[in-house]
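Engineer: Fold the following, please.
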Amino acid sequence: MVSFTLSLLALLLGYFIYGRFVERVFAPDNRPTPAIAKADGVDFMVLPSWKIFMIQFLNIAGTGPIFGAIMGAKFGPASYLWIVFGCIFAGAVHDYLSGMLSVRHEGAGLPELVGRYLGNTTKKVMLIFSVLLLIMVGAVFVYSPAIIIGDLTNMDVMIWIIVIFAYYIIATMMPIDKIIGRIYPIFAFSLIFMAIAMLACLFVKSPHLPEFWDGLGNRNPGAGPIFPCLFITIACGAISGFHATQSPLMARCIKHEKQGRPIFYGAMITEGMVALVWASISAYFFYDGGATEVGSTLKASAPQVVTAVSNSWLGTFGGILALLGVVAAPITSGDTALRSARLIVAEFMHFDQKPIRKRLMICVPLFIVTSLVLWFNIADEDGFNVIWNYFGWANQALSVFTLWTLTVFLVLHKKPYIITLIPALFMTTVCCTFLAVSPIAFGLSTTVSYLIGSIVLILSVGWFFRWYKHIKKGES
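Structural biologist: Now for the predicted structure:
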């Protein structure tokens, strides 16, 4: 419990100390925000700050800080360190700066921001990459909650898939304050309640948890080497490129730039706390007496751990409320993913989204492609495992593009670029090494993969400083 408590305190201190430093680097001011300057009653409108925080938190959460943390806990106490340092110095910085950059550029989506700072060719790549990733999120986050609801209600999973997908269609089309602005805060409360309740149970039960001094080595070699696999497995609780597609949604709703730190940086720190709680609970279930409650140790799946913990620790009512958060999180992330895809395509095609006819022109093809992806993966018994693995890598690859975009922005505006350069170099190395070592990609040996990762790191450093020297020469 000592390592867990120290990690929790570190996240809180990270928000108040490093978060304030990052805010000073960006320097928010009193200029009109897109919610005021471009108000359209559909996507651009002022919402209360507490509501924006709740929506942002739920949008970025999904099942990532729960399922990802549970699977990441199999690596041992090293998962705590990645959640803490990744969240404070990478994920929260990534979310805050991408959200605020969108505010400064009239609510622009991620591909537009990337294109502005990394060039039009990269913009086109990012457009395709982002939309495909968001479609994958929409498809994956239909199936997983449908399974949980089906088990709870004893109804056919296919019925719930149809219901959830129908909801996606409505929520993607409607103005943001009609559905998202009204029900998301309730679902976010369920997710936060679950985390607080589990946190209280941890301190009351005070189970034996792995500590840092017990060793940071990999406790489950079957999950792959800690580097890079841990950093792909735990994404949403540390850093996730998907968040950069969601932050512009709320960038279009804030009234003052100074709301950015509690909303963007704060939501990520909150998600890190949720991930830390579930990583700690999972460590108890995987390595201590709690394993008997799910039948086996490291073979227990993430849904098994969630169901067992919710029911045995919180009772019937608390368990239902906790599971509601687990069900609501992926559903809400799925519909905002498709909403983001709509806005990204509309921005690229210069389609005004106020007329519902033009919303339909973009949404209908998106829904058709998403349903085809969903159908293919339902038909294939192992399809969802495959698409989820590819999603995990693509998600972190998206964070690489975002971090490099933010680094260029900071350089051009003569701000301390080191705060994004180090995370950008690290995540670039992680993604390239994972692509080399993972069985879903090239499946090379660890030695060769580490060599490739090292070469990519050296080339990235060389490219950056060559570009930086060119920029400085142009200024002189």
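
Engineer: immediately after the helix or strand bottoming out on mean pLDDT in the chain, which helix or strand?
Structural biologist: Least confident helix or strand, the chain: helix 302-349 with a mean of 74, by mean pLDDT, DSSP states H and E. The first helix or strand that comes after helix 302-349 along the chain, using DSSP states H and E, is helix 356-379.

Engineer: how far out from the middle of the chain is the following helix or strand past that following helix?
Structural biologist: Per DSSP H and E, the first helix or strand lying C-terminal to helix 356-379 is helix 383-412. Put simply, helix 383-412 sits 10 Å off its chain's centre (Cα atoms, centre = their mean, to the nearest Å).

Engineer: Quick one: list the elements packing against helix 383-412.
Structural biologist: For helix 383-412, the elements it packs on are helix 92-104, helix 110-118, helix 120-153, helix 226-233, helix 243-251, helix 356-379, helix 418-437, helix 446-475, judged by 3 or more Cβ pairs under 8 Å, 6 or more residues apart in numbering; DSSP states H and E. Where you see a C-beta, it was placed from the backbone N, CA and C, and this is true even at glycine.

Engineer: by how many degrees do that helix and helix 356-379 diverge?
Structural biologist: Going by axes from the mean of the first three to the mean of the last three Cα atoms, to 10 degrees, helix 383-412 is angled at 130 degrees with respect to helix 356-379.

Engineer: in helix 383-412, what counts as buried?
Structural biologist: 383-384, 387, 390-411 (16 or more other Cβ atoms under 10 Å).

Engineer: Then stretch 21-31?
Structural biologist: Buried, per 16+ other Cβ under 10 Å, within stretch 21-31: 22-23, 25-26, 28.

Engineer: Can you give the contact residues for that stretch?
Structural biologist: With contacts defined as Cβ atoms under 8 Å, 6 or more residues apart in numbering, stretch 21-31 is touched by 92-93, 96-97, 100, 256-258, 260-261, 265, 410, 415-416, 419.

Engineer: State the pair within the residues you listed that is farthest apart.
Structural biologist: 256 and 416 (23.6 Å; Cβ to Cβ).

Engineer: So which of the two has more stuff around it?
Structural biologist: residue 256 (17 against 13; other Cβ atoms under 10 Å).

Engineer: pLDDT wise, what is the more buried one at?
Structural biologist: Reading off the confidence values, residue 256 has pLDDT 95.

Engineer: Check the spacing between it and residue 66 real quick.
Structural biologist: Per Cβ to Cβ, to the nearest Å, residue 256 is found 32 Å from residue 66.

Engineer: Is it correct that residue 103 is in contact with residue 254?
Structural biologist: Yes. In this structure residue 103 lies within contact range of residue 254 using Cβ atoms under 8 Å: 6.8 Å.

Engineer: List the residues that are in contact with both of the two.
Structural biologist: Joint contacts of residue 103 and residue 254 (Cβ under 8 Å, 6+ apart) are 33, 260.

Engineer: Can you get me a residue count around residue 357?
Structural biologist: Neighbours around residue 357, by other Cβ under 10 Å: 6.

Engineer: Mind checking what secondary structure residue 42 has?
Structural biologist: coil (DSSP: H, G, I helix; E, B strand; the rest coil).

Engineer: For the closest residue to it other than its chain neighbours, give me its contacts.
Structural biologist: Distances taken as Cβ to Cβ, 6 or more residues apart in numbering place residue 175 nearest to residue 42, at 4.6 Å, with adjacent residues excluded. Each residue near residue 175 by Cβ under 8 Å, 6+ apart is listed here: 41-43, 45.

Engineer: Looking at those, spot the one nearest residue 193.
Structural biologist: Looking across the contacts of residue 175 and measuring by Cβ to Cβ, the closest to residue 193 is residue 45, at 27.8 Å.

Engineer: contacting residues around the closest one?
Structural biologist: By Cβ under 8 Å, 6+ apart, residue 45 lies in contact with 35, 39, 175-177, 252-253.

Engineer: low-confidence ranges in the chain?
Structural biologist: 62-63, 152, 215-223, 287-304, 307, 311, 314-326, 377-389, 475-476 (pLDDT under 70).

Engineer: about what we covered before: reformat the helices and strands packed on helix 383-412 into CSV and put distance to residue 279 next to each item.
Structural biologist: Output for the helices and strands packed on helix 383-412, formatted as CSV (distance: least, Cβ to Cβ, whole Å):
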stretch, distance to residue 279
helix 92-104, 17
helix 110-118, 28
helix 120-153, 19
helix 226-233, 11
helix 243-251, 19
helix 356-379, 27
helix 418-437, 18
helix 446-475, 24
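
Engineer: and which of the contacts of residue 175 is nearest residue 225?
Structural biologist: When the contacts of residue 175 are compared for distance to residue 225 (Cβ to Cβ), residue 43 wins out at 42.6 Å.

Engineer: now that closest one: how far from residue 358?
Structural biologist: Applying Cβ to Cβ to residue 43 and residue 358 gives a distance of 12 Å.

Engineer: Have a look at the two and say which one is more surrounded.
Structural biologist: For the pair residue 43 and residue 358, the greater number of neighbours falls to residue 43 (24 against 14), based on other Cβ under 10 Å.

Engineer: how near is that one to residue 208?
Structural biologist: For residue 43, the distance to residue 208 - Cβ to Cβ - is 49 Å.

Engineer: Give me the neighbour count for residue 109.
Structural biologist: When neighbours are counted by other Cβ under 10 Å, residue 109 registers 27.

Engineer: In space, what's closest to it - neighbours in sequence excluded?
Structural biologist: Ranked by Cβ to Cβ, 6+ apart and with sequence neighbours excluded, the top spatial neighbour of residue 109 is residue 344, at 4.5 Å.

Engineer: What does residue 353 show for phi and psi?
Structural biologist: Main-chain torsions, residue 353, degrees, to the nearest 10: phi -100, psi 10.

Engineer: got a list of what the residue lying closest to it once chain neighbours are set aside touches?
Structural biologist: Counting by Cβ to Cβ, 6+ apart, residue 353 lies nearest to residue 346, which is 5.1 Å off, once chain neighbours are set aside. Residues in contact with residue 346 (Cβ under 8 Å, 6+ apart) are 352-353, 358-359, 362.

Engineer: Just the buried subset of those residues, written out for ChimeraX, thanks.
Structural biologist: In ChimeraX, this line selects whichever of the contacts of residue 346 come out buried by 16+ other Cβ under 10 Å:
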select :353,359,362
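
Engineer: would JSON lines of the contacts of residue 346 with distance to residue 271 be doable?
Structural biologist: Below are the contacts of residue 346 laid out as JSON lines (distance: Cβ to Cβ, whole Å):
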{"residue": "352", "distance to residue 271": "33"}
{"residue": "353", "distance to residue 271": "28"}
{"residue": "358", "distance to residue 271": "33"}
{"residue": "359", "distance to residue 271": "29"}
{"residue": "362", "distance to residue 271": "29"}
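
Engineer: Double-check residue 452 against residue 432; I have them as touching.
Structural biologist: Yes. Contact criterion Cβ under 8 Å: residue 452 and residue 432 qualify, at 6.4 Å.
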